[in-house]
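# What follows is a predicted structure for the sequence shown.
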Amino acid sequence: MPEGLEEGVVFKSTGSWYEVSTSSGSVPCKVPGRFRLTHKGETNPLAVGDHVMIRILEDSTGIINKVKPRKNKLVRRAAGRRVGVEHVIVANVDFAWVVQSTLLPKLNPGFVDRFLVMSEVYGIPAGLIINKYDLVDDRIREPVEYWCRLYADIGYPVLRTSAVAGEGIEVLRSNLQDRMTVMAGPSGVGKSSLLNAIDPSLQLRTGEVSERTRKGVHVTTNAEIYQLAEGGFVIDTPGIREYGIVDVEPEELGHYFVEFIPWLDECHYPNCTHDHEPDCAVIDAVDRGKITQERWASYLNILESIRQGERDTGR
Ligand SMILES: Nc1nc2c(ncn2[C@@H]2O[C@H](COP(=O)(O)OP(=O)(O)OP(=O)(O)O)[C@@H](O)[C@H]2O)c(=O)[nH]1
Ligand SMILES: [Mg+2]
Ligand SMILES: [Zn+2]
């Protein structure tokens, strides 16, 4: 290691400062301007989870000198930005949970599908947590269970949890051992509450869900890595309003719907987009009940949003 440089991991970012955890403790760091210039397609030059080299200054703060190549990253389209600009939620994770709630806010499968596509793009193993199971009554039990089964059937781990009743917490806790896990999802679904249930010493701030909009009020404002008392690291992230897709071509999208993969080679056209083409093995599988109508509809919806994005940028 060059002299004066220390190695560390970004565990918190406030926009202008980055907290870096090193072998000698936590160091608040700044990023030189050149980082912004070299990461043009991203809103944030550095993300929580990045492995970095830092130079420690006399006042005990640091300057980020270098970012190591990422193993993977979880990205989404940057809110309110032009198409193609991505926001890196976290880098270098071993597992990603997309968290939803049964009610308040209600389950949003479109969000789940977009999240799963983006985790497939970068090869991050992912699963679905459906929290607030204590709110399930006879009216919603059937639809909620339907979605749980659908995602489990295509191969994603599904956990039914309640942060208030303690349901599913033990299973989640053992799942978090020995790895870096990110929890992401809309605001108000209970991401921070679940982590408090796993490890009460974290004392993360939690908020309410607005009576009027039935949505969360964006209590968590920065992504941050926490070390769990019983082992493992977990990243709590701010609620995401809309999970926008970036960096996926229309012809590739089918590869990120895992249950489509066995059929893709059988389509007549090699660049089939599985929406209108004749002799499409995916549409045929939908007709025969091998692929659900819901996931196919969701696929078409995402496909249209990618095409819309291409039209917007004039590609
Ligand atoms: N009934 C019920 N309420 C829950 C459960 N988990 C969380 N809540 C409530 O849901 C609200 C939002 O919880 P948070 O943990 O702040 O949600 P979050 O996903 O971290 O939200 P952001 O930080 O805004 O993204 C709080 O009022 C929690 O008490 C649950 O399992 N059951
Ligand atoms: Mg939170
Ligand atoms: Zn096809």
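Nice, thanks for sending it over. Numbers count the residues shown, from 1 in each chain. Ligands and ions are numbered 1, 2, ... in the order given.
# helix or strand right after the helix or strand hosting Tyr151?
For Tyr151, the host element (DSSP states H and E) is helix 138-153. Next in sequence after helix 138-153, counting helices and strands by DSSP H and E, comes strand 158-160.
# Which strands or helices does that following strand pack on?
If you count contacts as 3 or more Cβ pairs under 8 Å, 6 or more residues apart in numbering; DSSP states H and E, strand 158-160 packs onto strand 126-131, helix 138-153, helix 169-175. In short, each C-beta sits where N, CA and C put it, glycine included.
# Export these as a markdown table, with columns for distance to Lys73.
Shown next, in a markdown table, are the helices and strands packed on strand 158-160 (distance: least, Cβ to Cβ, whole Å):
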| stretch | distance to Lys73 |
| --- | --- |
| strand 126-131 | 13 |
| helix 138-153 | 23 |
| helix 169-175 | 21 |
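# want to throw the ones you listed into TSV with mean neighbour count?
Shown next, in TSV, are the helices and strands packed on strand 158-160 (neighbours: other Cβ atoms under 10 Å):
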stretch	mean neighbour count
strand 126-131	24
helix 138-153	14
helix 169-175	16
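# so which of these comes closest to ligand 3?
helix 138-153 (20.9 Å; Cβ to the ion).
# What helices and strands are in contact with that closest one?
Checking 3+ Cβ pairs under 8 Å, 6+ apart, helix 138-153 ends up next to strand 126-131, strand 158-160.
# Ok, which of the helices and strands packed on strand 158-160 comes nearest Asp265?
helix 138-153 (21.7 Å; Cβ to Cβ).
# Give me the angle between that closest one and strand 126-131.
Inter-element angle recorded for helix 138-153 and strand 126-131: 170 degrees (by axes from the mean of the first three to the mean of the last three Cα atoms, to 10 degrees).
# which stretch among the helices and strands packed on strand 158-160 comes nearest ligand 1?
Proximity to ligand 1 (Cβ to the nearest ligand atom) singles out strand 126-131 among the helices and strands packed on strand 158-160, at 4.9 Å.
# how about the helices and strands packed on strand 158-160 in a markdown table, adding mean pLDDT and distance to ligand 1?
Output for the helices and strands packed on strand 158-160, formatted as a markdown table (pLDDT from 0 to 100; distance: least, Cβ to the nearest ligand atom, whole Å):
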| stretch | mean pLDDT | distance to ligand 1 |
| --- | --- | --- |
| strand 126-131 | 98 | 5 |
| helix 138-153 | 97 | 13 |
| helix 169-175 | 97 | 10 |
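# and Glu252, which of those is closest to it?
Distance to Glu252, taken as Cβ to Cβ, is lowest for strand 126-131 among the helices and strands packed on strand 158-160, at 17.8 Å.
# and Val182, what does it touch?
Shown in contact with Val182 (Cβ atoms under 8 Å, 6 or more residues apart in numbering): 49, 74, 89-90, 93, 95-97, 223, 234-235, 237.
# Which single one of these is nearest to ligand 1?
Thr237 (7.4 Å).
# Could you report the neighbour count for the closest one?
Using other Cβ atoms under 10 Å, Thr237 has 21 neighbouring residues.
# Contacts only, for it.
Counting by Cβ under 8 Å, 6+ apart, Thr237 touches 89-90, 182-184, 191, 220, 223.
# now that we have those, which one has the most neighbours?
Across those, neighbour numbers were computed from other Cβ under 10 Å; Lys191 holds the maximum, 31 neighbours.
# Centre of the protein to the edge, which residue is at the far end?
Glu58 (37.4 Å; Cα atoms, centre = their mean).
# Would you mind naming the helix or strand containing that residue?
Per DSSP H and E, Glu58 falls between elements, in no helix or strand.
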